[in-house]
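# Got a predicted model here, sequence first, then my questions.
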Amino acid sequence: MRWMIAVALMALVGCKQQAQETATPAPGGATPPAAQKKLSVGFSQVGAESAWRTAETKSIRGEAEKRGVDLKFADAQGKQASQIQALTSFIAQKVDVIVLAPVVETGWEVVLTQAKEAKIPVILVDRGIKVSDESLYTTLIASDFVEEGRMAAEWLAKQTNGKANIYELQGSTGAAPAIDRKKGFEEALQKFPDMKIVKSQSADFTRAKGKEVMEAFIKSDRDQIQAVYAHNDDMALGAIQALDEAGMNPGKTVTLISIDGVKGAFEAMVAGKLNATVECNPLLGPLVFDTINKVRAGESVPKFIKSQDQLFEQANAAQVISTREY
Ligand code: GZL
C-alpha cells in the first residue's frame with residue numbers, strides 16, 4: 001500500500017516538474033510565440049443599419065486582424081435579445097474581453113453580471129447603457145451625443161436666423177444616440193423661442209425609414225416644412241430623396257442638418273442638398289484595442305473615453321471630401 005502512495009507522489013511531482021518545464025520561458029525569457037495564447041475578444045455589434053455602422057465594424061474587425069486578435073464577431077441585426085445571446089456565448093467560450101455596442105440603453109444587468117462573475121472585462125463602444133452598478137463595464141468609448149445635438153441646434157439657429165419650423169427624424173427608439181441627440185438639440189433650442197420642433201418621429205437610423213417618415217411629413221405638412229434635423233446622415237439622405245421627389249428643393253428652401261459625417265453626407269453637401277453634418281467618428285478600432293491592452297496590463301482607464309466631433313457644412317465640404325476615410 002505504502003509503495004502505491006510513493007508512486008502516486010512521485011507521479012505528482014513528475015507532473016508538476018513537467019508542468020514547470022513547459023511553462024519555463026525559453027532562453028532569453030520570452031515565452032515561445034507558439035505557446036503565447038492569442039487574445040480572444042467577443043464583439044457584439046448592433047447590426048448594419050447605416051454607413052456609419054459598417055464603417056465602425058470595418059475599423060474594429062480590421063484592427064483585430066492587424067493585431068492578430070482572435071475576434072469572435074456577432075451581428076445582432078438590431079435585436080437586444082441577439083446581443084444578450086452573443087454575450088452569453090462569449091462568456092461560455094471564456095473570451096478574454098467583451099466589446100459591446102449596445103443597441104439600447106437598458107436591460108443589460110443580468111448578462112453583464114454574468115460577465116463580471118466570469119471576470120471578463122466589458123468595453124462599451126459608441127453607445128452607452130444605464131445600469132445601477134457602473135462596475136458592470138470597464139469603460140465607454142464614444143462621442144458625446146448631447147454635445148452633437150447642441151452643435152446641430154446652434155448651427156441651425158444661426159443658419160435660419162433663429163426662426164424655423166423643424167421636422168425631426170429620430171434614431172432607433174431607446175438607443176443612447178437617439179435619446180441624447182434629441183436632449184442636446186432641445187436644450188440648445190431653449191435659447192431660440194422661434195425655433196420650433198413641429199413633428200418628431202423615429203426612422204430607426206435607416207435611409208429607407210428616413211424617406212418614409214419624410215414622405216408622411218410632406219403629405220401632412222408640406223407648406224410648413226422649413227428645416228429637417230436628422231439624428232444620422234442615412235435618414236437625412238432618405239429625407240432628401242423624399243423632398244426631391246416632392247419638388248421641394250432640399251438644401252435651399254428646406255434646410256437640413258444631420259450627424260455622422262459619412263461620405264454620402266459630403267456628396268450631398270457638395271451637391272447642395274444637405275446643409276451640414278456633425279461628424280461622429282466610427283473609426284474606433286485602434287482606440288478599442290489600445291484600451292484593451294491597458295485594461296489587461298492592469299492600468300486604470302477613464303469610465304468615458306470621448307471621441308472628438310467636428311461640424312462640416314457646404315462651404316468646406318468640397319475641399320474636405322477627398323480626405324474622408326468613411
Ligand atoms: C453613434 C451610432 C449611431 C450612428 C448611426 O455612435 O451609435 O448608430 O449615428 C448608427 O448611424 O446607426
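Cool, got the structure.
# For the helix or strand harbouring Phe289, list every residue counted as buried.
Phe289 is part of helix 285-296 when elements are defined by DSSP states H and E. For helix 285-296, the neighbour count (16 or more other CB atoms under 10 Å) marks 285, 287-289, 291-292, 295 as buried. The C-beta positions use only the backbone N, C-alpha and C, and glycine is treated the same way.
# Now do that helix: everything it contacts.
For helix 285-296, the external contacting residues (CB atoms under 8 Å, 6 or more residues apart in numbering) are 39, 41, 59-64, 67, 69, 96-97, 99, 121, 123, 125, 138-139, 141, 301, 305, 307.
# Tell me which of the residues you listed fall in helices.
59-64 (DSSP state H).
# Let me know the helix or strand that Ala74 is in.
Per DSSP H and E: strand 70-75 holds Ala74.
# just the ones in helices among the contacts of helix 285-296 that are near the ligand?
Among these, not one lies near the ligand by CB under 6 Å from any ligand atom.
# Ranking by neighbours, what's the top pick from these?
Ile60 (28 neighbours; other CB atoms under 10 Å).
# Would you check how far apart that one and Cys280 are?
Between Ile60 and Cys280 the distance is 15 Å, computed by CB to CB, to the nearest Å.
# check contacts around the closest residue to Pro121 other than its chain neighbours.
Take Pro121 and drop its neighbours on the chain: the residue closest to it by CB to CB, 6 or more residues apart in numbering is Thr138, 4.6 Å away. Thr138 is in contact with 121-123, 295, 301, counting by CB under 8 Å, 6+ apart.
# who in the stretch 1-150 of the chain is up against the ligand?
Counting by CB under 6 Å from any ligand atom, the stretch 1-150 of the chain sits next to the ligand at 49-50, 52-53, 126-127, 142-143.
# For the stretch 151-300 of the chain, what lies in contact range of the ligand?
Residues of the stretch 151-300 of the chain lying near the ligand (CB under 6 Å from any ligand atom): 177, 205, 232, 234, 259-260, 280.
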